[in-house]
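Undergrad: sharing a sequence plus its predicted fold:
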Amino acid sequence: GATIQLEDLTKHYPGNPSPAVDSVSMDIKAGETVIFVGPSGCGKSTTLKMINRLIEPSSGRIRINDEDVTDIDPVKLRRKIGYAIQSSGLFPHMTVAENIALVPKMVGWSKSKVKDRVEEMLDLVGLDPREFHGRYPRALSGGQQQRVGVARALAADPPVLLMDEPFGAVDPITRDHLQDELIRLQHELHKTIVFVTHDFDEAIKLGDRIAVLRERSHIAQFDTPEAILTN
Ligand code: ADP
Ligand code: ADP
């Protein structure tokens, strides 16, 4: 894992009178799973995208292991951060294997290492490599697509994993299963995970700490599930 620090992080989208994220500060420890839980539109995705440098903050700073993300080379940042999103974000014109291989290839892994890694990742998320390797995303169920999305996010073994409602689009039984798998993975891999959801039960189940967010990502509470349940 790696530490993540947010310092007075603010985002104004052009044309919006109020900021989407307003002066958020937070320290995330190495290896912990922090859940952002809050209503739709409160700025959860915007915060995650800023950490991943998919969008630039209007002001404030983000540090990963004490290094300002703006000082990290973009390819190195892809190695540091895995990103999994609700819609799975798989590229439809690429096979399962090509999708998973994307970031490892981008950061220069050898062909044989990438090939082994794709199989390892498919095993990890419970998909038989022989069956799923060459399939296109449209030939997978929603839950299978999300598994591949998680496999892709983990492929280059990043210390940080950002997950934006990664299980949002699946039925409750599959979601329960994927949540259990994430807990199992976390016991093995000790990533620093920032996980966005609007589902309080999911937050309680998965979080080491939970940030309860209000409008503009104001942090109403930031504590362990036990402490939050007793307050
Ligand atoms: P959440 O992930 O909590 O649902 P978002 O971060 O997606 O919230 O959005 C926070 C606020 O910023 C919302 O009011 C949303 O309408 C607005 N917003 C999000 N993306 C954009 C954008 N690209 N341009 C303008 N406003 C945006
Ligand atoms: P672009 O090539 O347009 O700059 P990016 O390199 O930011 O786009 O992202 C390309 C695709 O990879 C996007 O669809 C995004 O969902 C996915 N992606 C972005 N960041 C990561 C990451 N850290 N790990 C894995 N996939 C990512």
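TA: Cool, got the structure. Ligands and ions are numbered 1, 2, ... in the order given.
Undergrad: which strands and helices sit next to the longest helix along the chain?
TA: Counting residues, the longest helix in the chain under DSSP state H turns out to be helix 172-189. Applying 3 or more CB pairs under 8 Å, 6 or more residues apart in numbering; DSSP states H and E, one finds that helix 172-189 makes contact with helix 142-154, helix 200-206. C-beta: built from backbone N, CA, C; applies to glycine.
Undergrad: return the helix or strand in this structure with minimum mean pLDDT.
TA: Lowest on mean pLDDT, DSSP states H and E among the helices and strands of the chain sits helix 172-189, with a mean of 86.
Undergrad: nearest spatial neighbour of the closest residue to ligand 2 within the chain, skipping sequence neighbours?
TA: Distance from ligand 2 to each residue of the chain (CB to the nearest ligand atom) is smallest for Tyr83, at 3.7 Å. Distances taken as CB to CB, 6 or more residues apart in numbering put Leu162 closest to Tyr83, at 5.0 Å, once the chain neighbours are dropped.
Undergrad: so is the helix or strand hosting the one you found next to ligand 1?
TA: Assessed by DSSP states H and E, Leu162 sits inside strand 160-164. No: Strand 160-164 lies apart from ligand 1 when judged by CB under 6 Å from any ligand atom; the minimum separation is 7.3 Å.
Undergrad: any idea how far Ile204 is from Thr95?
TA: Separation of Thr95 from Ile204 (CB to CB, to the nearest Å): 37 Å.
Undergrad: got it, and His218?
TA: Separation of His218 from Ile204 (CB to CB) stands at 21 Å.
Undergrad: what of Thr192?
TA: Distance of Thr192 to Ile204, computed by CB to CB: 19 Å.
Undergrad: so between the two, which is more surrounded?
TA: Neighbours were counted for Thr192 and for Ile204 using other CB atoms under 10 Å; Thr192 has more, 24 against 16.
Undergrad: isn't that one right up against Glu32?
TA: Yes: contact criterion CB atoms under 8 Å: Thr192 and Glu32 qualify, at 6.4 Å.
Undergrad: which neighbours do these two have in common?
TA: Gly1 (CB atoms under 8 Å, 6 or more residues apart in numbering).
Undergrad: and the strands in the protein, which stretches?
TA: Ranges of strands in the chain, per DSSP state E, are 4-11, 21-28, 33-37, 59-64, 67-68, 81-85, 160-164, 192-197, 209-213, 219-223.
Undergrad: redo these as a markdown table? Include mean pLDDT.
TA: Output for the strands of the chain, formatted as a markdown table (pLDDT from 0 to 100):
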| stretch | mean pLDDT |
| --- | --- |
| strand 4-11 | 98 |
| strand 21-28 | 97 |
| strand 33-37 | 97 |
| strand 59-64 | 97 |
| strand 67-68 | 96 |
| strand 81-85 | 92 |
| strand 160-164 | 95 |
| strand 192-197 | 96 |
| strand 209-213 | 97 |
| strand 219-223 | 96 |
